[in-house]
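Asks: I need the structure of the sequence given here:
(one chain, ligands or ions: 2)
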Amino acid sequence: MATAQITVSHPLTTPNVYQPSATECPIISLLGPNSTAASVRLDVSAPFSAIRTLFDHLYTHADDAAKLNAIYPRRGILKTAATIKASSDQKFTIDLSPKRVALIPASLQQSLAGHGLKDILDFFNTLSTEYVPSILSSLSIIAGADLTAAHSTYNMNFRLCDYNPVTAASGSLNGCGAHTDYGTFTIIFQDGTPGLELEDADAPGSWVPAPGDATVILTGWCAVILSGGRITAARHRVRRTPGVRRLSAVLFLAPDLNVTLRPLGGIKPTQPFSETIMRGEIDTKVFKEVMGKRWRYREGNEEMEGHEVGTQDDEIAKLIWA
Ligand SMILES: O=C(O)CCC(=O)C(=O)O
Ligand SMILES: [Fe+2]
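Replies: Numbers count the residues shown, from 1 in each chain. Ligands and ions are numbered 1, 2, ... in the order given. Presented below is the predicted three-dimensional model:
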């Protein structure tokens with residue numbers, strides 16, 4: 001079994017600061033001085049040929065796509081709003097999670113196994129068992145408190161993205177609009193095609209491209225809250241190059257659904273949080289619901305009343321900071 005020795009070098013890391021030698025390539029390099037976004041060297045690569053095969057199979061076999069979507073009828077698994085909506089994110093996604101995978105009937109699992117699904121699920125299983133725990137421990141060092149107890153159920157989502165050139169707005173540069181992820185951390189594998197950009201925390205509106213072949217770890221709002229602001233979260237977006245297909249594979253980890261989102265015991269917040277947060281009125285489940293609506297609007301999967309439209313991050317910032 002491969003072991004992941006992930007060590008974080010960060011200004012806030014107290015003991016255990018990892019000092020790569022001159023000849024050694026760092027396991028983790030931070031992508032910006034003011035956020036916890038990092039490029040990591042992991043001993044696993046995403047199966048992009050299987051990912052391409054699964055998307056292409058589902059685009060051309062409407063019966064299999066319908067069967068897959070039927071396991072989660074509320075929102076579906078394969079999301080293709082970009083085929084008809086020019087103003088939403090111009091991408092297609094397959095959203096899986098351990099819970100949803102468990103609902104795929106054996107016959108469908110078997111028939112999709114050879115069209116990429118098996119390799120994809122093996123990849124996400126390896127990632128969750130061999131890498132997620134050590135990333136969480138590393139983030140605990142930055143947070144100054146143990147994050148593992150709040151993540152005992154491994155509340156994860158597995159997302160495949162296809163920034164396909166053939167969408168309603170084929171010339172649009174908008175692959176994925178600017179946002180901060182809601183959970184604790186996200187691991188993004190890219191197929192070598194650039195497009196992912198991180199916002200400079202000190203210069204809002206200024207975007208720094210991540211190398212197309214980097215594996216990137218980003219932190220999200222839940223990490224910011226649990227760590228009392230010691231962990232910061234990078235806003236990011238994906239820009240398309242018209243005519244160029246880009247694939248990514250993303251693992252999201254969030255706290256357990258019943259975890260109260262407030263700074264963990266013993267942490268002194270770096271800046272004041274709202275009373276709503278400090279009184280412990282919001283748990284992961286509620287927080288996800290608040291964010292989810294706007295998220296789906298941006299991705300084209302939910303309509304909104306005109307007055308509700310604003311940015312996701314502004315709303316969260318209002319909710320969590322004093
Ligand atoms: O595709 C990517 O590189 C990033 C996707 C992303 O940020 C997201 O789905 O939250
Ligand atoms: Fe994201």
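Asks: When you work out contacts or count neighbours from here on, use the C-alpha atoms and nothing else.
Replies: OK.
Asks: Show me what from this protein comes close to ligand 1.
Replies: Contacts of the chain with ligand 1, taken as Cα under 6 Å from any ligand atom, map to 161, 181, 188, 196, 248.
Asks: which SS state does whichever residue of the stretch 201-322 of the chain sits closest to ligand 1 fall under?
Replies: Proximity of the stretch 201-322 of the chain to ligand 1 (Cα to the nearest ligand atom) peaks at residue 248, 4.9 Å away. Applying DSSP: H, G, I helix; E, B strand; the rest coil to residue 248 yields a three-state assignment of strand.
Asks: Assess the claim that it and residue 161 are in contact.
Replies: Yes - Residue 248 lies in contact with residue 161 (Cα atoms under 8 Å); the separation is 5.1 Å.
Asks: show me where the stretch 101-250 of the chain has strands.
Replies: In the stretch 101-250 of the chain, the strands defined using DSSP state E, counting those that start in this stretch lie at 155-163, 174-179, 185-190, 196-199, 207-209, 215-219, 236-239, 246-254.
Asks: Dump these into a markdown table; add mean neighbour count and distance to residue 322 as well.
Replies: Compiled in a markdown table, those are given as follows (neighbours: other Cα atoms under 10 Å; distance: least, Cα to Cα, whole Å):
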| stretch | mean neighbour count | distance to residue 322 |
| --- | --- | --- |
| strand 155-163 | 22 | 28 |
| strand 174-179 | 21 | 21 |
| strand 185-190 | 24 | 24 |
| strand 196-199 | 22 | 23 |
| strand 207-209 | 15 | 27 |
| strand 215-219 | 25 | 21 |
| strand 236-239 | 22 | 24 |
| strand 246-254 | 23 | 23 |
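Asks: Now render these as TSV, adding distance to residue 68 and mean pLDDT.
Replies: What follows is those, written out as TSV (distance: least, Cα to Cα, whole Å; pLDDT from 0 to 100):
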stretch	distance to residue 68	mean pLDDT
strand 155-163	14	97
strand 174-179	24	93
strand 185-190	24	97
strand 196-199	28	95
strand 207-209	34	93
strand 215-219	28	94
strand 236-239	26	96
strand 246-254	18	98
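Asks: Quick check: mean pLDDT of stretch 57-70?
Replies: For stretch 57-70, mean pLDDT is 97.
Asks: buried ones in it?
Replies: 57-58, 64-65, 67-69 (16 or more other Cα atoms under 10 Å).
Asks: now the closest residue to residue 181 other than its chain neighbours: how far from residue 232?
Replies: Distances taken as Cα to Cα, 6 or more residues apart in numbering put residue 220 closest to residue 181, at 4.6 Å, once the chain neighbours are dropped. Going from residue 220 to residue 232 by Cα to Cα, to the nearest Å gives 8 Å.
Asks: more neighbours, the two?
Replies: Neighbour count, other Cα atoms under 10 Å: between residue 220 and residue 232, residue 220 has more, with 26 against 22.
Asks: Would you pull up the residue in the stretch 51-200 of the chain closest to ligand 1?
Replies: residue 196 (5.1 Å).
Asks: which ones are touching that residue?
Replies: 209-212, 236-239 (Cα atoms under 8 Å, 6 or more residues apart in numbering).
Asks: before we move on, the earlier item: dump the buried residues of stretch 57-70 to TSV, plus distance to residue 94.
Replies: Below are the buried residues of stretch 57-70 laid out as TSV (distance: Cα to Cα, whole Å):
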residue	distance to residue 94
57	12
58	10
64	13
65	10
67	13
68	10
69	10
